[in-house]
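Asks: below: sequence and its predicted model.
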Amino acid sequence: MPAIHPTAVVDSKADLARDVSVGPYAVIGPRVRVGAGTTIGPHAVLGQDGRQIADGQDLVPGRVRRVDAQEVAEA
C-alpha cells in the first residue's frame, strides 16, 4: 500500500504503485499513474488526466520536469 501523508490529496481514480511515497500537501489528480519506487515530494501537483510517472522517480520541491514539443501538443 502506498505511503500517503495525511495532508496529501489523492484522487480515488489515481493509480499508485504499492511502494510509492506521497509527501505533505501533494495533490494527485484522476487517472494519473505513478510507477514503483517513486517519491512524490511535498507540495507536488500532478493534476493532468492520464499523466504517467515512470518507476523510481523523485519529484521534489524545486525540480522542473522538461517536456518535449510532442508532449505539449498532446496536452
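Replies: On my side now, so go ahead. Owing to the predicted nature of the structure, the values given are computational and were not obtained by experimental measurement.
Asks: quick one: the spatially most central residue of the chain from Ala3, how far?
Replies: Centroid check for the chain by Cα atoms, centre = their mean gives Leu46 as the closest residue, at 4.9 Å. Leu46 sits 16 Å away from Ala3, going by Cβ to Cβ, to the nearest Å. From N, CA and C alone the C-beta is placed, and that goes for glycine too.
Asks: show me the shaky parts of this protein.
Replies: Filtered on pLDDT under 70, the chain yields the residue ranges 48-50, 61-75.
Asks: all strands for it, in order.
Replies: 3-4, 9-10, 15-16, 21-22, 27-28, 33-34, 39-40, 45-46, 52-53, 58-59 (DSSP state E).
Asks: can you give me the neighbour number for Gly47?
Replies: If you count neighbours by other Cβ atoms under 10 Å, Gly47 ends up with 11.
Asks: oh, I was asking about Ile4
Replies: There are 17 residues near Ile4, going by other Cβ under 10 Å.
Asks: didn't it look like it was pressed against Val22?
Replies: Yes - under the criterion of Cβ atoms under 8 Å, Ile4 makes contact with Val22 at 4.4 Å.
Asks: which residues are in contact with each of the two?
Replies: Listed as contacting both Ile4 and Val22 by Cβ atoms under 8 Å, 6 or more residues apart in numbering are Val10, Leu16.
Asks: contacts only, for Pro24.
Replies: Pro24 makes contacts with His5, Thr7, Ala8, Pro42, His43, as judged by Cβ under 8 Å, 6+ apart.
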